[in-house]
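Trainee: any chance you could fold what I've pasted below:
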Amino acid sequence: MSNPQRDAILNAIETVTGSYLQGKVRAVKLSFIALLSGGHILLEDIPGLGKTTLALTLAGILGLTFGRIQCTSDLLPSDITGLSIFNRDENRFTFIRGPIFNNILLADEINRAMPKTQSAMLEAMEERRVTVEGVTYQLPVPFLVIATQNPTEQVGTYPLPESQMDRFLIRTGLGYPPEEVEQAIIRHGSIRDEIREIPPLLSAEAILSTQRAIRDQVYLSDKITGYIMKLIIATREHPLVAAGISTRGGINITQAARAHAFLDGRDYVAPEDVLAVAIPVGAHRLVCRNENEHLDKEEILRSVLRNVPVPLA
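Mentor: Next up, the predicted model:
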């Protein structure tokens, strides 16, 4: 399947990975899959590997309004959503919108915020609206939350509750770049100044029309739907898992698989699309039994993928 919408998205991905984020192809592609699926992405890794740089680069190249929150333990929900301030001239309260009223919201080090503040984003992430002081405000579209998270065993972090983890369509790490690429990065230094000058390659309308095309034109057969359902049931019946992939998780796997098929130039979802997105979409939704909390959830899901037969064409 060849069309201008897909070509524009692929050009943006190639620009990001070729000029700004070498060695981060997988994380960049997953970020675009989250965007095209209408979801949100959680970047999780140790500090210093480029999580914030990836988020800033995406914000620049997409040409959308951008807001940023640096999460700390004293961050309040009103710092995200906004608050009403008394206007002496007009003799009434005026609502000052917070950074969440942007197309892209970067929540940097989200797990350094208190759980109450983390939960302030739940309504926004799921329903694209926020309610402040009894008044509901719609958020702009497209709306994408890019959150970064340090490993929870680090000092000063609070684990995200399962309800909020489930709101992220994709969770991925970045990992260390290849040695030769890292050596070039060390020689060249930070690219933060260059990122501020990135020309936008996509517009809000282009992204919305591509989202509609993926939703309406990429075919999902009953056989693939049945395969996804078998994977979900297998996670729920796994002996190491207390709660498997939710219904929302199943919907998200379907959305991400459609976007992956679109980027691969097909107008139908194949089993390899499901396999490509199942780990980043599904692993963080697993809730292990108490005695198994130390286990790697991605490895558990990989074992499920190996044991559930892939449907034949």
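
Trainee: which residues touch the helix or strand where residue 305 lies?
Mentor: Element membership for residue 305, per DSSP states H and E: helix 297-307. Counting by Cβ atoms under 8 Å, 6 or more residues apart in numbering, helix 297-307 makes contact with 231, 234-235, 238, 240-241, 275, 278-279, 282-284, 286, 288, all of which sit outside it. C-beta here means a position set from N, CA and C on the backbone, and glycine is covered the same way.

Trainee: tell me the buried residues in it?
Mentor: Neighbour-count burial for helix 297-307 flags 297, 300, 301, 304, 305 (criterion: 16 or more other Cβ atoms under 10 Å).

Trainee: what do you get for stretch 175-195?
Mentor: Burial within stretch 175-195, assessed by neighbour count using 16+ other Cβ under 10 Å, is assigned to 177, 185, 191, 195.

Trainee: for stretch 224-238, same thing?
Mentor: Quick answer for stretch 224-238 (16+ other Cβ under 10 Å): 224, 227, 228, 231, 232, 234, 235, 238.

Trainee: what's the closest of the contacts of helix 297-307 to residue 98?
Mentor: residue 284 (26.2 Å; Cβ to Cβ).

Trainee: list the residues that contact that closest one.
Mentor: Neighbouring residues of residue 284 by Cβ under 8 Å, 6+ apart: 42, 165, 168, 171, 297.

Trainee: the first one in helix, strand or coil?
Mentor: Read that as residue 42. Recorded secondary structure, residue 42: strand (DSSP: H, G, I helix; E, B strand; the rest coil).

Trainee: next, count neighbours for it.
Mentor: 26 (other Cβ atoms under 10 Å).

Trainee: which helix is the longest one in the chain?
Mentor: helix 247-263 (DSSP state H).

Trainee: export the helix or strand just after that one to CSV, keeping only CA atoms.
Mentor: Using DSSP H and E, the helix or strand that follows helix 247-263 in sequence is helix 271-282. Provided in CSV are the C-alpha atoms of helix 271-282 (Å, rounded to 0.1, in the frame of the first residue of the first chain):
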residue,chain,number,x,y,z
PRO,A,271,0.2,-12.1,12.6
GLU,A,272,3.7,-10.5,12.4
ASP,A,273,2.1,-7.2,13.2
VAL,A,274,0.6,-8.6,16.4
LEU,A,275,3.9,-10.2,17.3
ALA,A,276,5.8,-6.9,16.7
VAL,A,277,3.7,-4.9,19.1
ALA,A,278,2.5,-7.4,21.7
ILE,A,279,5.5,-6.9,24.1
PRO,A,280,5.6,-3.1,24.2
VAL,A,281,1.8,-2.9,24.4
GLY,A,282,1.1,-5.8,26.7
